[in-house]
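>>> I would like the atomic coordinates for the input below:
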Amino acid sequence: MTTFDKREQGFEAKFAHDEEFMFKATARSNKLLGLWAAGQLGLSGDAAASYAAALVTDHLESRTMDDVVGKVSGDLAGKGIAREQVAARLQECLHQALAQLEADRP
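Model (predicted):
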């Protein structure tokens, strides 16, 4: 194997690792947002956990952050919570998820 091949393999491994890390961060931030939204909706216990889990698992591969914000803001529209507030909360959740994942790294 040439040096170029080793370098290419290293870049591919880093790309795969980074993609997996962002997938985990997105899933965790969606769960955190779901738990927050469930609280805003007056859900608790299993109902809150189910709401958060659905936010993570529904359309797992094709859902964008905008889709998540749209879903949650639609659910919270009757509570007077604006889309911008939901988007800001999702950003906070993403930062929190990244910090948690960084802390979990060996």
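
>>> so what pLDDT did residue 61 get?
We have a pLDDT of 68 for residue 61.

>>> begin at 4 from now on, thanks
Noted, 4 is the first residue going forward, which turns the last one into residue 64.

>>> residue 26 is in what secondary structure piece?
helix 6-43 (DSSP states H and E).

>>> now for that helix, which elements pack on it?
helix 48-60, helix 68-79, helix 86-107 (3 or more C-beta pairs under 8 Å, 6 or more residues apart in numbering; DSSP states H and E). The C-beta positions use only the backbone N, C-alpha and C, and glycine is treated the same way.

>>> buried deepest among the ones you listed, which one?
The highest mean neighbour count among the helices and strands packed on helix 6-43, using mean count of other C-beta atoms under 10 Å, belongs to helix 68-79: a mean of 18.

>>> alpha carbons only: can I get that helix in PDB?
Backbone C-alpha positions of helix 68-79 (Å, rounded to 0.1, in the frame of the first residue of the first chain) are rendered in PDB as follows:
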ATOM      1  CA  MET A  68     -33.500  20.200  11.100                       C
ATOM      2  CA  ASP A  69     -36.100  22.400   9.400                       C
ATOM      3  CA  ASP A  70     -38.500  19.400   9.300                       C
ATOM      4  CA  VAL A  71     -37.900  18.900  13.000                       C
ATOM      5  CA  VAL A  72     -38.500  22.500  13.800                       C
ATOM      6  CA  GLY A  73     -41.700  22.500  11.700                       C
ATOM      7  CA  LYS A  74     -43.100  19.400  13.400                       C
ATOM      8  CA  VAL A  75     -42.400  20.700  16.900                       C
ATOM      9  CA  SER A  76     -43.500  24.300  16.200                       C
ATOM     10  CA  GLY A  77     -46.700  22.900  14.700                       C
ATOM     11  CA  ASP A  78     -47.300  20.800  17.800                       C
ATOM     12  CA  LEU A  79     -46.700  23.900  20.000                       C
END
